[in-house]
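**Student:** Starting from these lines, generate the structure:
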Amino acid sequence: MESLSEKIAEMIKPAEEGSIQETETSSKEVVKELKEVFYLAKDISDFSEFKNDGVPVEEGEATFVVDCKYLKYACGVMKYVCNGSKLNPNLIKISIFKTQLKLSGFGQFSFGVVFVPLAKQAVLPTEQEVSFIFDYPTLAKITASFEKNQLTFNYLAEKKQLLLTSGNLKLELITEENNDFIHFQNKIKDIKAVDCSLNLEVIQSALSYLSMFAKKDNLKENISLLEFRDSSVVGGSYTTIGSIQTTALEKVPLKIKYDVLTTFLKVIPFFYQEKVTLYETDSYYILRDQNVYLGVEKTDVTFPPLKHLLTAKIEESFIVPRALILSALQKLSVVTENKDTLIAFNVAGRNPSASLTLSIKDATGRKSKDVLPISRQDTTETYGAREYLVNLEAISKTFAFFKTPEICIQEIKDKAILVKDTNPLYSCTTIFSIAKEV
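**Tutor:** Here you go, the predicted structure:
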């Protein structure tokens, strides 16, 4: 049977060979070694190593040896949290412990820390752990170039130089000034555990879905947010809002700013389901397991209430086969490249002859259409024709995300339509604002 670590490893998508993007990949063996061997017994409540950032030294030499595969794993996290300075971005801090290496990165709204084991005990110039600042893109290129090699590093403090040797190859690299890096650990105080369970699979799926609609709004902070509340997670924009409901999210208090949504989604696969735990401080939520930490800035704002829409009177609902409507939308979309194109839904007729006509206009005003059979439920029992327009791209993404054979669409008269779907992990309601004419 496949282990949890192997399942998590498979969530990390491979990239094209030879690119820096390769740092996101992590083999099953690497994940298994780190989570189930080297760090299996790590105390998740102990933050002493997290707070120990090492000290910069002005003289002496530090030597450490590390497997490139572990550095590659660590760079997969650092890629999304490495803009530690507005003046000199893409910086990370490397702290050398006796038996492990610590990589730290900081962004405007988030931070990340990764520990990986050393191949042999480090030789340090002091009794304390030693740290220096390094350029992330350079480290990422190294991990993509050496693959499974064992790398030996010598940090020369006086020269601010890092020597890398592997076989007959020797590279002379320059480190950065320590004052160019934001020392975010100084802001992390009074760390407290949050009483909740984290289902990584549900969180990953829910945020991936809502991220299709989430947008940055510089005027309305509460729109630029994905919020966990009342056993659900909600988010979206003025035109499209999604709500994922599941008991697996009970008590989870996270609020994910749009600015860190990509970071959160990309780093989640590096956590281990068996050990992942949520903590909080006055300023941050901290997600951690044995060797990975992700901090996201907290906010006091809240996403707009949805109860009035989720409990509104349903004027009508109908069911349509998913494959059929997806095929129709794909064919109709060839007439336009405009992402903001509206597509008309026209519902008419009684069962078993009820139909949905989808129509769209191109840039010249010419209309294309397709007619689909549906199963209609009209609460007014008049079965009159109804027409409204929705965003083509948003509705297509929604229909394509889920896999159930049928789609249920409900109408709140003159306001919105609700698209509902369920799977074994959660149920989802997507709210689309509608227009009556272009």
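**Student:** For the protein, which residue occupies the most central location?
**Tutor:** The centroid of the chain falls nearest to residue 265 when counting by Cα atoms, centre = their mean (1.0 Å).
**Student:** how about the nearest residue to that one, chain neighbours excluded?
**Tutor:** The spatial neighbour of residue 265 that comes closest, neighbours along the chain excluded (Cβ to Cβ, 6 or more residues apart in numbering), is residue 207 at 5.6 Å. For the C-beta atoms, the positions are set from N, CA and C on the backbone; glycine is no exception.
**Student:** go on, residue 390?
**Tutor:** residue 432 (4.8 Å).
**Student:** Would you pull up how far the helix or strand where that neighbour lies lies from the middle of the chain?
**Tutor:** Residue 432 belongs to strand 427-433 when assigned by DSSP states H and E. Relative to its chain's centre, strand 427-433 lies at 20 Å (Cα atoms, centre = their mean, to the nearest Å).
**Student:** Against which helices or strands is the strand or helix carrying the residue nearest to the centre of the chain packed?
**Tutor:** Applying DSSP H and E as the criterion places residue 265 in helix 261-267. When contacts are defined as 3 or more Cβ pairs under 8 Å, 6 or more residues apart in numbering; DSSP states H and E, helix 261-267 packs onto strand 110-117, helix 200-210, strand 292-297.
**Student:** For it, give me every contacting residue.
**Tutor:** The contact list for helix 261-267, computed with Cβ atoms under 8 Å, 6 or more residues apart in numbering, reads 24, 76-77, 79-81, 107, 110, 112, 204, 207-208, 211, 214, 226, 256, 292, 294, 296.
**Student:** So for it, what gets flagged as buried?
**Tutor:** Neighbour counts over helix 261-267 (16 or more other Cβ atoms under 10 Å) mark 261, 263, 264, 265, 266, 267 as buried.
**Student:** and what of stretch 160-167?
**Tutor:** Of the residues in stretch 160-167, 160, 162, 163, 164, 166 count as buried by neighbour count, 16+ other Cβ under 10 Å.
**Student:** any idea how far the third one is from residue 153?
**Tutor:** With the distance defined as Cβ to Cβ, to the nearest Å, residue 163 ends up 7 Å from residue 153.
**Student:** ok, now the second one?
**Tutor:** Counting by Cβ to Cβ, the gap between residue 162 and residue 153 amounts to 6 Å.
**Student:** before we move on, back to that, for the helices and strands packed on helix 261-267, which one sits closest to residue 359?
**Tutor:** In terms of Cβ to Cβ, the element of the helices and strands packed on helix 261-267 nearest to residue 359 is helix 200-210, at 27.2 Å.
**Student:** I'd like the mean pLDDT over that closest one, please.
**Tutor:** Helix 200-210 carries an average pLDDT of 93.
**Student:** what packs against that helix?
**Tutor:** Secondary-structure packing of helix 200-210 (3+ Cβ pairs under 8 Å, 6+ apart): strand 232-236, strand 240-245, helix 261-267.
**Student:** Same list, the buried residues of helix 261-267, but as JSON lines with distance to residue 55 and pLDDT please.
**Tutor:** Shown next, in JSON lines, are the buried residues of helix 261-267 (distance: Cβ to Cβ, whole Å; pLDDT from 0 to 100):
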{"residue": "261", "distance to residue 55": "35", "pLDDT": "94"}
{"residue": "263", "distance to residue 55": "28", "pLDDT": "93"}
{"residue": "264", "distance to residue 55": "31", "pLDDT": "95"}
{"residue": "265", "distance to residue 55": "34", "pLDDT": "94"}
{"residue": "266", "distance to residue 55": "31", "pLDDT": "93"}
{"residue": "267", "distance to residue 55": "27", "pLDDT": "94"}
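**Student:** Let me know the closest of those to residue 423.
**Tutor:** Set against residue 423, the nearest of the buried residues of helix 261-267 by Cβ to Cβ is residue 265 (19.0 Å).
**Student:** ok, back up a step: tell me the one among the buried residues of stretch 160-167 nearest to residue 46.
**Tutor:** Relative to residue 46, the closest of the buried residues of stretch 160-167 is residue 162; by Cβ to Cβ it sits at 29.5 Å.
**Student:** What pLDDT is listed against the closest one?
**Tutor:** At residue 162, pLDDT is 97.
**Student:** Please confirm that it is located within a strand.
**Tutor:** Yes. Using DSSP: H, G, I helix; E, B strand; the rest coil, the secondary structure at residue 162 is a strand.
**Student:** Skipping adjacent residues, who's closest to it in space?
**Tutor:** residue 173 (4.4 Å).
**Student:** What residues of the host helix or strand of the one you found count as buried?
**Tutor:** Assessed by DSSP H and E, residue 173 sits inside strand 169-174. Across strand 169-174, burial judged by 16+ other Cβ under 10 Å covers residue 173.
**Student:** Please tell me how far residue 113 sits from residue 277.
**Tutor:** 14 Å.
**Student:** which other helices and strands contact the host helix or strand of residue 345?
**Tutor:** Assigned by DSSP H and E, residue 345 belongs to strand 342-348. On a contact count with 3+ Cβ pairs under 8 Å, 6+ apart, strand 342-348 meets strand 355-361, strand 386-391, helix 392-401.
**Student:** Kindly export it (C-alpha atoms) in CSV.
**Tutor:** Below are the C-alpha coordinates for strand 342-348, written out as CSV (Å, rounded to 0.1, in the frame of the first residue of the first chain):
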residue,chain,number,x,y,z
LEU,A,342,-20.8,36.3,-21.6
ILE,A,343,-22.7,33.2,-22.6
ALA,A,344,-26.5,33.1,-22.6
PHE,A,345,-28.4,30.3,-20.9
ASN,A,346,-32.0,29.9,-22.2
VAL,A,347,-34.1,27.4,-20.3
ALA,A,348,-37.4,26.4,-21.9
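**Student:** any idea of the angle it forms with helix 392-401?
**Tutor:** If you take axes from the mean of the first three to the mean of the last three Cα atoms, to 10 degrees, strand 342-348 sits at 70 degrees to helix 392-401.
**Student:** circling back: if I look at the residue nearest to residue 265, how far off is residue 132?
**Tutor:** 34 Å.
**Student:** show me the contacts for residue 158.
**Tutor:** With Cβ under 8 Å, 6+ apart, residue 158 has these contacts: 58, 59, 60.
**Student:** ok, and the most crowded of the residues you listed?
**Tutor:** Neighbours here mean other Cβ atoms under 10 Å. Within the contacts of residue 158, the largest count is held by residue 60, at 14 neighbours.
**Student:** so how far is residue 264 from it?
**Tutor:** Here the criterion is Cβ to Cβ. By it, residue 60 lies 39 Å from residue 264.
**Student:** Next: residue 282.
**Tutor:** 20 Å.
**Student:** now swap in residue 81 and tell me
**Tutor:** Relative to residue 264, residue 81 is positioned 10 Å away (Cβ to Cβ).
**Student:** Which neighbours do these two have in common?
**Tutor:** 110, 294.
**Student:** what ranges of the chain fall below the confidence cut-off?
**Tutor:** 1-26, 84-88, 147, 378-382, 437-438 (pLDDT under 70).
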